[in-house]
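Peer 1: fold the following and give me the result.
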Amino acid sequence: MTWILVTVALLMLAAPAHADTWDFSWTSNGIPGHSTATIGPDPNFSGAIDINYDGPGSTNQYRFVLLTAPLRAVGSFPMFFTPPSPIGYGDRRWLSVSIDTPGAYAWTGAFDHPDSFTITGARFAGSPSRPMAGVFDGTGALVSAPEPEGLLSVLGVALALAGWRASRRTARAH
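Peer 2: Below is the predicted model of the structure:
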């Protein structure tokens, strides 16, 4: 019985922490999209945070870095091209572009863990290989999810009580 309790305790400690996610709705040149976003500290800029999200036109995630002093959102977004780009991934009408003009960032709640956020007016001005300008706007809202550790804790307490009762029965029998 002891090994079962030890196993449950180790599982409780080894369970990965749940990463919060944000429901992220966006428009790129007026074409709507929807993604799941994650937010975390930026490894390159002290005090900055990253918003990472998936979308069409890239095999990698898109990212906005929210910089302070002055507050601005820089990064990349999916842009719809007509006619289709010869270098896109998946649906070749979508292509990943990096912004030329930072977008504005607003949030409710804590800066590094917002309840909701908006990015507005992030612009791609075009380039010789991509002769089309684009504007990106997005809104995110925190999605609550149950923590997996809660279930493991309940299971651990239940097994501990069962083990304690079994050991008491064994002690009384002897």
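Peer 1: where do the strands sit along this protein?
Peer 2: With DSSP state E, the ranges of strands along the chain come out as 21-28, 31-41, 49-53, 62-67, 72-80, 94-98, 104-110, 113-124, 134-143.
Peer 1: neighbours of Phe124, how many?
Peer 2: The tally of other residues near Phe124 (other CB atoms under 10 Å) stands at 22. (C-beta placed from N, C-alpha, C; glycine too.)
Peer 1: hey, what's it bridged with?
Peer 2: Note on Phe124: beta-bridge partners by DSSP bridges are Gly134.
Peer 1: list the contacts for it?
Peer 2: By CB atoms under 8 Å, 6 or more residues apart in numbering, the residues touching Phe124 are 77, 79, 97-100, 130, 133-136.
Peer 1: report pLDDT for it.
Peer 2: pLDDT for Phe124: 91.
Peer 1: same question, the one 5 residues further on
Peer 2: According to the per-residue confidence, Ser129 scores 71 in pLDDT.
Peer 1: shaky segments in this structure?
Peer 2: Filtered on pLDDT under 70, the chain yields the residue ranges 1-19, 83-90, 130-131, 145-164, 166-174.
Peer 1: my read: Phe45 touches Leu66, true?
Peer 2: No - with contact defined as CB atoms under 8 Å, Phe45 does not count as touching Leu66 (9.2 Å).
Peer 1: what about those two, which has more around it?
Peer 2: Shown here are Phe45 and Leu66; by other CB under 10 Å, Leu66 has more neighbours (26 against 14).
Peer 1: spit out the contact partners of the more buried one.
Peer 2: Neighbouring residues of Leu66 by CB under 8 Å, 6+ apart: 42, 48-51, 72-73, 105, 111.
Peer 1: so can I have a markdown table of the residues you listed showing distance to Arg123 and neighbour count?
Peer 2: Converted to a markdown table, these look like this (distance: CB to CB, whole Å; neighbours: other CB atoms under 10 Å):
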| residue | distance to Arg123 | neighbour count |
| --- | --- | --- |
| Asp42 | 21 | 15 |
| Ala48 | 20 | 17 |
| Ile49 | 21 | 21 |
| Asp50 | 20 | 19 |
| Ile51 | 17 | 26 |
| Arg72 | 12 | 18 |
| Ala73 | 11 | 23 |
| Tyr105 | 14 | 22 |
| Phe111 | 23 | 15 |
